[in-house]
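Peer 1: Structural data only, the sequence is not supplied:
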């Protein structure tokens, strides 16, 4: 198989898969010798998706709105993300702009 990204040759390999820094285990994949991109077959992708659902990670990305609170703007964080990050009222977080379109939120110490 040829790599979709760079056209390099892929080889069968066992790949460690993580989602949101949570390890899922090792899975059979085709891995590009040139750029390192990995591809899972349909059955393996389904197995990974099922594991993601079991762990409550599947569909965790959510859209939200920006609200105005006094002279500041507030971002509402959906309860699924609050739970995943173990956020509590009054907890300090650090906001770091990564680009004009990306904002990183670091919760905890």
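Peer 2: Thanks, I have it. The model shown is predicted, which means the values in this text are computed figures rather than measured ones. Numbering: from 1, shown residues only.
Peer 1: which residues in this protein form strands?
Peer 2: Using DSSP state E, the strands found in the chain span residues 10-19, 22-32, 38-39, 66-69, 72-75, 93-97, 103-107.
Peer 1: Could you check how far the fourth one is from the centre of its chain?
Peer 2: Put plainly, it is strand 66-69. 26 Å (CA atoms, centre = their mean, to the nearest Å).
Peer 1: now swap in the fifth one and tell me
Peer 2: Taking CA atoms, centre = their mean, one finds strand 72-75 lying 24 Å from the centre of the chain it belongs to.
Peer 1: next one: the second one
Peer 2: Here strand 22-32 is found 15 Å from its chain centre; the criterion is CA atoms, centre = their mean.
Peer 1: Residue 29: neighbour count?
Peer 2: Neighbours of residue 29 under the rule other CB atoms under 10 Å: 19. For glycine as for every other residue, the C-beta is placed from the backbone atoms N, C-alpha and C.
Peer 1: mind listing what it touches?
Peer 2: The contact partners of residue 29, by CB atoms under 8 Å, 6 or more residues apart in numbering, come to 12, 13, 14, 15, 38, 39, 40, 44.
Peer 1: Roughly how far does the most centrally placed residue in the chain sit from residue 92?
Peer 2: Closest residue to the average C-alpha location of the chain: residue 20 at 4.4 Å, with CA atoms, centre = their mean. Note on residue 20: its distance to residue 92, by CB to CB, to the nearest Å, is 21 Å.
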